[in-house]
Structures are given as structure tokens and as C-alpha cells.
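have a look at this prediction, sequence included:
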Amino acid sequence: MRIRVMASRHSAFYSPLLCGIHLLRGEGHEVIYSVLKPGQRSYALIRDGEIDIMQSAVSSNWNALERGVEPLPVHFAQINQRDGFFLVGRLPDLAFDWKKLEGRTLLADHGPQPLAMLKYAVQHNGAEWKKIKIVNAGAPEAMEAAFHGGKGDYVHLQAPLVTGESITSVGASMPAVAFSSLCCAREYQKTEAYRVFLDAYARAREWVRTAPAEEIGAAEASFFPLIAPELLTAAVRLYQALGCWEGGLEIPRELYEQALNVFQAAGGIAWRHRYEEVVG
């Protein structure tokens, strides 16, 4: 069976999906995996039948709904229920407080969701966003290079962390939230390929939640040829400890509402969008 899967980002944070692909391939299915390119729109790729399954977030539907775009994908399974970004500094700081960011320079990921979550975490932890010098240094690789080259006091990255010292987890510093999920066309949910994918994904998600990090890292190592095995294992262990992959397949309504809270606080949505419009 042929299944075309695309990720909006490529990271160990999405280990449940990557291990699901690994499992499907091991069972003889042809799974094509790719990463969204700049300028591409996931809803258009799904609408036009160019991909089958997309790793995205419930929030990706909201601005499109406000623009009247249709049809939009349906989000059918959660991947992560915690933000997977970390604040990275130049030196360890066991006494970190979010107010330390005020007056300092932070290279922040400017993807709509990471930025909204970061703003929310700053406010949630008693710091003032306007007092932080926020810099857009580009894509994550460019951010890492800029920070490594001496720019900024802190940088905002997903694991594995290959530069600096992890200061705090954004996800651990704010409530659980519907952070990332899988989506597809509503028509695709009626196919045998969807049922095959969902079964394998459910097994993979439970496995990455409970298996030793070393085994998970080994299973998905081919997806990260440039990452040292020990760094990949450390990333998996971080995300397990954070509780990113807790829960079942269902996207909990309360976590969806918390995602709305985050975007509303950040001024990222015009109104609150009904759960049933997005999740199914």
C-alpha cells in the first residue's frame, strides 16, 4: 500500500509519526515521506491530492477558516500535547527565571505556532514580551548558526540541541496544549489506506511513549543521518520526560481549547473556532 506523508517540520519531536512510518515500511507498505517547503500550503496539497497525511497543528486551520478557505483538512490524531521548544543559553542557569529575558536578545522561532506559544509562556511566567529584544534569524538551522556565531543571549529551538545549554522547556512552563496533530482530507478517512495508517500510528505512538529512548533513536536513526545517535537519544528522552506523547489518539477538547487560549492571548485569531470544525 502506498501512503504519502508530509511533515510541516522535521524533528525528533514527531517521533510517533516517524516510528509509525518505520513500522509501516517494515510491514511492507510504501510510505513516501517529505517535508513541507517554503511557500507550500498544506491544505492545498491535501485538497489537490498531492499528499495523504500531513503533520500539522489544529491552529493551522484557524486563519484559513477566517479567510473562508475550503475545503480544509480534518485533524484526526494528536502527536504532541506539550510545546517541544527549549530556551537555550550560552551557560547553564539552574536559577533561571523568565524575567531574565527582559532586556536581553532572544533569537525566536517565528513560525506562527512556536511564536504564539512563546509569547504565551513569557506572559504566563510573569515576564513582559515588549521588554525582550526579539530577533528573527530565519529557519532553525540559521538560528543555530547565528547563535553559535555569537548573536543573541538566548535561542528558541527544538531538540536535539546541538548548540548552547538548555535553560528551560517552554512546554514545561505552560499548560498542556493541542500542539501538533495529523490531518488529512475528510474523504481520505473513508479509505483502507487511512485505516492501515491509523492502526500503525496508534501502535507506534504507544511504543514511543514507553520504550527505551535508545531503541526509539535506533528505529528513527535513518531519518536523521547528520545527527549523532547520542544526541537523538537525548532528544527522545527529553520529550518522553516532558510528557509530549501522553494520552491516546484523540485530540482532547480541553487541549484544543487551551490552544485557542494561547492564540487568542497572542492576538493570532479573530475568533474562537469550534472543535467540530477542525477535529474529526
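Ah, there it is. Residues are numbered from 1 along each chain as shown.

list the contacts of the most centrally placed residue in the chain.
In the chain, the centroid-proximal residue (C-alpha atoms, centre = their mean) is S180; its distance is 4.9 Å. Applying C-beta atoms under 8 Å, 6 or more residues apart in numbering to S180 gives the contacts F13, Y14, Q55, S56, A57, Q78, I79, N80, G84. (C-beta placed from N, C-alpha, C; glycine too.)

what do you get if the cut-off is 6 Å, keeping everything else the same?
Contacts for S180 (C-beta atoms under 6 Å, 6 or more residues apart in numbering) come out as A57, I79, N80.

with C244 instead?
Residues near C244 by C-beta under 6 Å, 6+ apart: N80, R82.

again, only this time at 7 Å
F13, N80, Q81, R82, G84, G171 (C-beta atoms under 7 Å, 6 or more residues apart in numbering).

quick check: pLDDT value at the first one.
What that stands for is F13. pLDDT, F13: 97.

quick one, what contacts the nearest residue to it once chain neighbours are set aside?
Nearest non-adjacent residue to F13, counting by C-beta to C-beta, 6 or more residues apart in numbering: G84, 3.9 Å away. Going by C-beta under 7 Å, 6+ apart, G84 touches F13, Q158, G171, F179, Y239, C244.

how about 10 Å then?
9, 11-14, 114, 117, 157-159, 169-171, 179-180, 235, 238-239, 242, 244 (C-beta atoms under 10 Å, 6 or more residues apart in numbering).

returning to what we had before: inside helices: which ones of the contacts of S180?
Assignment to helices by DSSP state H places none of the contacts of S180 there.

ok, of those, which one's closest to S222?
Proximity of those to S222 (C-beta to C-beta) peaks at I79, which lies at 19.5 Å.
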